[in-house]
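1. Output the structure for:
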Amino acid sequence: MRLTLSLLLALSGLHSALAHSPSRTVQNVGRASCTLAAAGAGKDDSPQFLTAMQACSTVVIPATTTLNISTRLNMTGLSNKHLNLQGTLRFNPNIPYWSGNGFSFPFQTQITFWILGGTNIVVDGGGTLDGAGQAWYDAFASNSSLLRPITLTLFQATNVLVSNIKMVNSPEWFNLVNEGKNVTFDGVTLNAASTSSNGADNTDGWDIYRSDQVVIKNSVINNGDDCVSFKPNSTNVLVSNLNCTGSHGISVGSLGQFAGMFDIVENVTAINIRMSNAQNGARIKAWAGSGVGSGIVKNITFSNFIESKVDNPVVIDQCYMTSAALCAQFPSNTFIQDVWFTTISGTSTGSTVASLACSPGARCTDINVNGFSLSPPSGTAKYVCQNVNLTGNAVALFPACTVT
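-> Here you go, the predicted model:
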């Protein structure tokens, strides 16, 4: 485990250094730098933004500028680009347009405002991506089938740094990394806050899918779903120094949902995480039941989590969205092995502070629990487990695991 963590930390530094290289390239070759101004009230700034990103090595959006993004942005296939976002990109909440024209991704039926891809790309500058999500939160409350856009999708992107920006009120997920490699997010602030009684639902901070060598660090997140979610085929990922409020946790999965698919999440470390007023802390979730898929979760480390008022501070749910009876009849085919929960402290909202619930049939192996210091609001902390043999210095906190 220590070797894996050291390697990931080294990769983190390497990723950042490599991802900064486009800035040096831009300076050396002296290609055009473009500074954008808003076209005017009600006018669509998408065409000029898209043209600038294709034509210029550096695109500057000044601090006093807000660009109105009213049509979708396909910025794939770029090379050696620097977006210096000092001002704001605001996505016009034209729900009929985006519902019919957002770029479609079949996994979990997603759409997105903006796909950004290619090689050697930097996005920084201290500015803001504004998803104008309130209209979407209110519309979704009365139409649960409404497709809502992801704010930023890195698609087939290699050697990317997103640093020192703010993202507010995404209609759904804030970030999707899809088929990416060597991607770093550093110093990003995410905030989704509804001003009505309708929640900012499904506003995941980051979803990683079919991607390798991803680093997310030094960031603050206030949202209404997973802080970070490792979707199928996420490998060699480091998440560190995050402060997550109102989230559903740092989540592996859910995995194994779709028949005929084999999902992999491997070599993932989440370290130095603060989690408050959240549904979950450190979590792994996999489907069971008839007609689901399969996969493997391997070499996962959750380390140094400090949790405050978290419903479920430590979770394995290998019968996700499946009744106990069906899980016993059709155990999960997503195997979980070599998992470390280490130095987990803080408070829960209920009596159960850790629940490690595996499917029957030895589907969870080498599950390690160490350095737990978790407290309920009152009374004695409850630790529960089923269908798993635990190791580590916190094993004594768990009674004999039930067998189903």
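2. how about the helices in the protein?
-> Under the criterion DSSP state H, helices of the chain are mapped to 2-19, 21-29, 46-55, 95-101, 134-142, 324-329.
3. in the shortest one, what's buried?
-> So the one you mean is helix 324-329. 327, 328 (16 or more other Cβ atoms under 10 Å). C-beta: built from backbone N, CA, C; applies to glycine.
4. Quick check: the gap between residue 309 and residue 246.
-> 10 Å (Cβ to Cβ, to the nearest Å).
5. my bad, residue 127
-> 24 Å.
6. one step back: which one of residue 309 and residue 246 has more residues nearby?
-> The residue with more neighbours, out of residue 309 and residue 246 and counting by other Cβ atoms under 10 Å, is residue 246; that gives 21 against 15.
7. ok, so what distance separates that one from residue 45?
-> Taking Cβ to Cβ, one finds residue 246 at 31 Å from residue 45.
8. Repeat that for residue 147.
-> 23 Å.
9. Look at these two and report which has more neighbours.
-> Neighbours were counted for residue 147 and for residue 45 using other Cβ under 10 Å; residue 45 has more, 23 against 18.
10. What residue, apart from its backbone neighbours, is nearest that one spatially?
-> The shortest distance from residue 45 to any non-neighbouring residue, by Cβ to Cβ, 6 or more residues apart in numbering, is to residue 67 (3.9 Å).
11. just how off-centre is stretch 211-224 within its chain?
-> 6 Å (Cα atoms, centre = their mean, to the nearest Å).
12. Just the CA atoms of it, as PDB, please.
-> Output of stretch 211-224 as PDB, limited to C-alpha atoms (Å, rounded to 0.1, in the frame of the first residue of the first chain):
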ATOM      1  CA  SER A 211      -9.700   6.900 -17.600                       C
ATOM      2  CA  ASP A 212      -6.200   6.400 -16.200                       C
ATOM      3  CA  GLN A 213      -3.800   8.500 -14.200                       C
ATOM      4  CA  VAL A 214      -6.200  11.100 -12.800                       C
ATOM      5  CA  VAL A 215      -5.300  13.400  -9.900                       C
ATOM      6  CA  ILE A 216      -7.800  15.600  -8.000                       C
ATOM      7  CA  LYS A 217      -6.300  17.600  -5.200                       C
ATOM      8  CA  ASN A 218      -6.500  20.700  -3.000                       C
ATOM      9  CA  SER A 219     -10.100  21.500  -3.700                       C
ATOM     10  CA  VAL A 220     -13.300  22.500  -1.900                       C
ATOM     11  CA  ILE A 221     -16.700  21.000  -2.800                       C
ATOM     12  CA  ASN A 222     -20.200  21.800  -1.700                       C
ATOM     13  CA  ASN A 223     -22.700  19.800  -3.700                       C
ATOM     14  CA  GLY A 224     -25.600  17.400  -3.700                       C
END
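13. Identify each buried residue in it, please.
-> 211-224.
14. and these, which of them are in strands?
-> Counting by DSSP state E, the buried residues of stretch 211-224 place 211, 212, 213, 214, 215, 216, 217, 218, 219, 220, 221, 222 in strands.
15. Please tell me how far residue 121 sits from residue 169.
-> 24 Å.
16. and what of residue 242?
-> Between residue 242 and residue 169 the computed distance is 19 Å (Cβ to Cβ).
17. Any idea what the spatially most central residue of the chain is bridged to?
-> The residue lying closest to the centre of the chain (Cα atoms, centre = their mean) is residue 206, at 2.1 Å. Listed beta-bridge partners, residue 206: residue 175, residue 228 (assigned using DSSP bridges).
18. Run a quick check on it versus residue 183, I expect a contact.
-> No. Look at residue 206 against residue 183 with Cβ atoms under 8 Å: they stay out of range, at 9.9 Å.
19. Tell me the residues that contact both of those two, please.
-> residue 177 (Cβ atoms under 8 Å, 6 or more residues apart in numbering).
20. Between residue 242 and residue 169, which has more neighbouring residues?
-> residue 169 (27 against 24).
21. Excluding residues flanking it in the chain, which one is nearest the more buried one?
-> Sequence neighbours aside, residue 133 is the residue nearest to residue 169 in space, at 3.6 Å (criterion: Cβ to Cβ, 6+ apart).
22. quick one on the thing from earlier: mean pLDDT lowest where, among the helices of the chain?
-> When the helices of the chain are ranked by mean pLDDT, helix 21-29 comes last with a mean of 33.
23. And residue 203, its phi and psi?
-> Phi and psi for residue 203, reported as degrees, to the nearest 10, are phi -90, psi 60.
24. OK, contacts around the nearest residue to it once chain neighbours are set aside?
-> Closest residue to residue 203 apart from its sequence neighbours, by Cβ to Cβ, 6+ apart: residue 192 at 4.0 Å. Shown in contact with residue 192 (Cβ under 8 Å, 6+ apart): 133, 168, 169, 170, 174, 200, 203, 222, 223, 224.
25. nearest to residue 324, of those residues?
-> Lowest distance from residue 324 to the contacts of residue 192 (Cβ to Cβ) belongs to residue 224, with 28.1 Å.
26. my guess is the closest one contacts residue 205, does it?
-> No. Using Cβ under 8 Å as the test, residue 224 is too far from residue 205 to be in contact (10.2 Å).
27. Please enumerate the shared neighbours of these two.
-> Contact with both residue 224 and residue 205 is made by residues residue 247, according to Cβ under 8 Å, 6+ apart.
28. Mind picking out the helix or strand in this protein with the poorest mean pLDDT?
-> Least confident element among the helices and strands of the chain, by mean pLDDT, DSSP states H and E: helix 21-29 (a mean of 33).
29. Quick check: the gap between residue 315 and residue 275.
-> 12 Å.
30. actually residue 374, not the one I wrote
-> 12 Å.
31. Which one's more surrounded, those two?
-> The neighbour count for residue 374 versus residue 275, taken as other Cβ under 10 Å, is higher for residue 275 (28 against 23).
32. quick one, what contacts the more buried one?
-> 227, 244-245, 247, 249-250, 281, 305-308, 310, 313, 346.
33. same question, residue 375
-> Residue 375 makes contact with 346, 347, 348, 353, 381 under the criterion Cβ under 8 Å, 6+ apart.
34. Report pLDDT for it.
-> On the pLDDT scale, residue 375 is placed at 98.
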